[in-house]
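In: how does the following fold in three dimensions:
(2 chains, ligands or ions: 2)
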Amino acid sequence: MPVPTADPTARTFPAGTEPIVRFEKVTKRFGHLTVLDELDFEVAPGEKTAIIGPSGSGKTTILRVLMTLVKPDSGRVTVDGQYLYHRRVGDKLLPANQKHLREVRKNIGMVFQHFNLFPHMKVLRNVTEGPIHVLGVPRKEAEEQATDLLEKVGLGDKHDAFPGQLSGGQKQRVAIARALAMKPKVMLFDEVTSALDPELVGEVLGILRQIAAEGEMSMLIVTHEMGFARDVADRVVFFDAGQVAEEGPPSKIFSEPENERTQAFLKAVLEH
Amino acid sequence: MGFDLLPILLRGMWLTVQLTLVSAGFALIIALLAGIGRLAPWRPVRWLAGIYVEVFRGTSILVQMFWFFFALPLFGITLTPFVAGVAALALNMGAYGAEIVRGAIASVPKGQIEASIALNMPPALRMRRVVLPQAFVLMLPPFGNLIVELLKATALVSLITLPDMTFRGVALQQTTGRTLEIFTWLLVLYFALAYPLTRFVRWVEKRASAFRGA
Ligand SMILES: Nc1ncnc2c1ncn2[C@@H]1O[C@H](COP(=O)(O)OP(=O)(O)O)[C@@H](O)[C@H]1O
Ligand SMILES: [Mg+2]
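Out: Ligands and ions are numbered 1, 2, ... in the order given. The predicted structure follows:
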């Protein structure tokens, strides 16, 4: 059970559980711009965390650091008990090599704002690609799994379509199936509905709600859909200027935010 | 119309076709190796590939051919005219092809690489399954042009004693003096080879890009 603490910005973290993701003093700069500023941040196993905040505040960068798409300048990132960017050799910490990255990265999956499906592969291949060629799952088994996943995202009839023949909402649902097929412990969603026409947003959010309800997988969801965040998230993190400005259960963040910047942000978003 | 000239010219044409196909095959392999080499994570490989490309693009193909045929024997390596011709054609076109390969790989959207990292693909698999198949479609049009260039450049082998179409034409012209007919036939015959080639490349390109628009 979550243990509430006195500090309003502190995590309500299940006692005795190791976090699945931990950022310790992680800093990332692009030129003179400090995007992550000694960020401390944790995610519990199975937790659904919504990350909200103004555009340009570094939300995407957090996910990209976790996915090893952007290397932080300093600090430590831990995933499931292992350092992501460092490896232990004896009592020394060395920079991660390709082998180490691949070992730790298998815990993480990501769904992108712009889908990034493989355009030269049919839908079914997009979903079986990782399991077959990365995890070594036998083709037949991978195809059965992909069939189930496509069924689940409502695209059971699209196996043989190329991504170019699908709508944005359908593409994003394939991308979700593709990421799920790798069975990650942590899944990252970067504004997965912002590139969609408004009438297609619902179908994708519906799938996410369903996945969230299923359980074990931790989800880190960057989103501007406040209603969705309120329903799905165990915890909402308001992110501003490279740091966590405020966090807590959705009921608290959305109803009685304490931080001025959270208040201002929510006011702006909800009036919009 | 000089149809009587045709049998001899056609014999040369067959050699021209062989030279084109064999050189194109090697050029393609060299282009892929050097093009990928220029993007390799290892500096010595990038460096070697870069030197190769710059040297072969930066010097005359005819001089390269002469060098393989006339200069190499001075080092004790004697190539047959066919081998020397293929070597020069393939290495020269391979250098241009390498730039095509490099450009095509570089223009595969970054999101594709990010998606394959998110699937935890190792770099070689990323290249083979995600980047190259997409880059390949982008390479086809410039490669088509390159092969047509290659076809036309095969005429140079006539200068290292290979009896290709041009060689036969020049020989015929010297013996018969029917200059206008012979050289007009040569133009027609080169075009007859190049045009279907262009059409074929366009057809392949269309088929290969059927998935585009994603
Ligand atoms: N590769 C990059 N190079 C330079 N600046 C970048 C890069 N990626 C992000 N930024 C900058 O970092 C800031 C934070 O970006 P981002 O994490 O995408 O914010 P958010 O997702 O919250 O909108 C922005 O100002 C953005 O322009
Ligand atoms: Mg963003």
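
In: hang on, A:K158 in a strand?
Out: No: secondary structure of A:K158 (DSSP: H, G, I helix; E, B strand; the rest coil): coil, not part of a strand.

In: burial of the residue of the stretch 1-150 of chain A found nearest chain B, as a residue count?
Out: Closest contact between the stretch 1-150 of chain A and chain B, by CB to the nearest CB, is at A:P119 (3.2 Å). Every residue, glycine included, has its C-beta placed from N, CA and C. Neighbour count for A:P119, taken as other CB atoms under 10 Å in any protein chain shown: 21.

In: what of B:R202?
Out: 13.

In: what sits closest to B:M127 if chain neighbours are left out?
Out: Excluding the flanking residues, the one nearest B:M127 by CB to CB, 6 or more residues apart in numbering or on different chains is B:I36, at 7.2 Å.

In: actually B:I30, not the one I wrote
Out: B:G94 (3.1 Å).

In: follow-up on the earlier one: what about the residue nearest to B:M127, how many residues nearby?
Out: B:I36, neighbours per other CB under 10 Å, totals 19.

In: do A:I52 as well
Out: With other CB under 10 Å as criterion, A:I52 counts 27.

In: so what's it closest to, chain neighbours aside?
Out: Nearest non-adjacent residue to A:I52 (CB to CB, 6+ apart): A:F238, at 5.6 Å.

In: swap in B:M13?
Out: B:M165 (4.7 Å).

In: let me know whether B:G2 touches B:E181 as I believe.
Out: Yes: using CB atoms under 8 Å as the test, B:G2 is close enough to B:E181 to be in contact (3.7 Å).

In: now chain B against ligand 1: closest residue?
Out: B:K110 (9.9 Å; CB to the nearest ligand atom).

In: could you report the neighbour count for that residue?
Out: The burial count for B:K110: 10, using other CB under 10 Å.

In: beta-bridge partners for the one residue sitting closest to the centre of chain A, please?
Out: Nearest to the geometric centre of chain A sits A:L188, at 1.5 Å (CA atoms, centre = their mean). Beta-bridge pairing for A:L188 (DSSP bridges): A:M110, A:L220.

In: my read is that it contacts A:V111, right?
Out: Yes: the pair A:L188 / A:V111 is scored as a contact, 7.1 Å apart, by CB under 8 Å.

In: all helices for chain B, in order.
Out: B:6-37, B:43-58, B:61-66, B:81-106, B:110-118, B:123-125, B:132-153, B:165-176, B:179-208 (DSSP state H).

In: so which of those is nearest A:I207?
Out: helix B:110-118 (17.8 Å; CB to CB).

In: list of residues touching that closest one?
Out: A:67-69, A:105, A:108-110, A:112, A:114, A:116-118, A:179, B:125-126, B:129-131, B:134 (CB atoms under 8 Å, 6 or more residues apart in numbering or on different chains).

In: about what we covered before: do you know how far the residue nearest to B:M13 is from A:E24?
Out: 72 Å (CB to CB, to the nearest Å).

In: same check, this time on B:M65
Out: Distance, B:M65 to A:E24, using CB to CB: 63 Å.

In: neighbour-wise, which of these two wins?
Out: B:M65 (25 against 14).

In: dump the residue contacts of the more buried one.
Out: Residues near B:M65 by CB under 8 Å, 6+ apart: B:A84, B:G85, B:A88, B:L89, B:L156, B:V157, B:L159, B:I160.

In: got TSV for these, with neighbour count too?
Out: Listed next are these as TSV, based on neighbours: other CB atoms under 10 Å in any protein chain shown:
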residue	neighbour count
B:A84	24
B:G85	28
B:A88	27
B:L89	27
B:L156	21
B:V157	28
B:L159	16
B:I160	20
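
In: so, low pLDDT: which residues of chain B?
Out: B:210-214 (pLDDT under 70).

In: out of the contacts of B:M65, the closest to B:W203 would be?
Out: B:L89 (24.3 Å).

In: surely the closest one and B:L150 touch.
Out: Yes: look at B:L89 against B:L150 with CB under 8 Å: they come within range, at 6.1 Å.

In: residues from the stretch 101-250 of chain A in reach of chain B?
Out: A:102, A:105-106, A:108-110, A:112, A:114, A:116-120, A:129-130, A:133-134, A:162-164, A:171, A:178-179, A:182 (CB under 8 Å from any CB of the partner chain).

In: could you list which of those belong to strands?
Out: A:I108, A:G109, A:M110 (DSSP state E).

In: so what's the first one up against?
Out: It refers to A:I108. A:L66, A:M67, A:V79, A:P184, A:K185, A:V186, A:M187, A:L188, B:A118.

In: do you know the pLDDT at it?
Out: Per-residue pLDDT puts A:I108 at 96.

In: can you check A:H133 too?
Out: Value for A:H133, per-residue pLDDT: 96.

In: do I have it right that it meets B:V130?
Out: No: contact criterion CB under 8 Å: A:H133 and B:V130 do not qualify, at 10.0 Å.

In: surely A:R87 and A:L101 touch.
Out: No: the pair A:R87 / A:L101 is not scored as a contact, 9.1 Å apart, by CB under 8 Å.

In: quick one, helices of chain A?
Out: Along chain A, the segments classed as helices by DSSP H run A:59-66, A:98-105, A:123-130, A:139-152, A:168-180, A:198-214, A:226-232, A:250-255, A:260-271.

In: pLDDT averaged over the shortest one - what is it?
Out: Looking back up the chat, that one is helix A:250-255. 92.

In: so which bits of that helix are buried?
Out: In terms of neighbour count (16 or more other CB atoms under 10 Å in any protein chain shown), helix A:250-255 has its buried residues at A:P250, A:K252, A:I253, A:F254.

In: ok, the residues you listed vs A:I62, which is closest?
Out: A:I253 (17.2 Å).

In: contacts only, for that closest one.
Out: A:V236, A:F238, A:E246, A:E247, A:T262, A:L266.

In: find the nearest non-adjacent residue to B:V55, please.
Out: B:A95 (7.7 Å).

In: and B:L9, what is it in contact with?
Out: With CB under 8 Å, 6+ apart, B:L9 has these contacts: B:M165, B:R168, B:G169, B:L172, B:I182, B:W185, B:L186, B:L189.

In: quick one: the first one from chain A, how far?
Out: Spelled out, that is B:M165. From B:M165 over to chain A the distance is 39 Å, taken as CB to the nearest CB, to the nearest Å.

In: then the fifth one?
Out: Taken as CB to the nearest CB, the spacing of B:I182 relative to chain A amounts to 48 Å.
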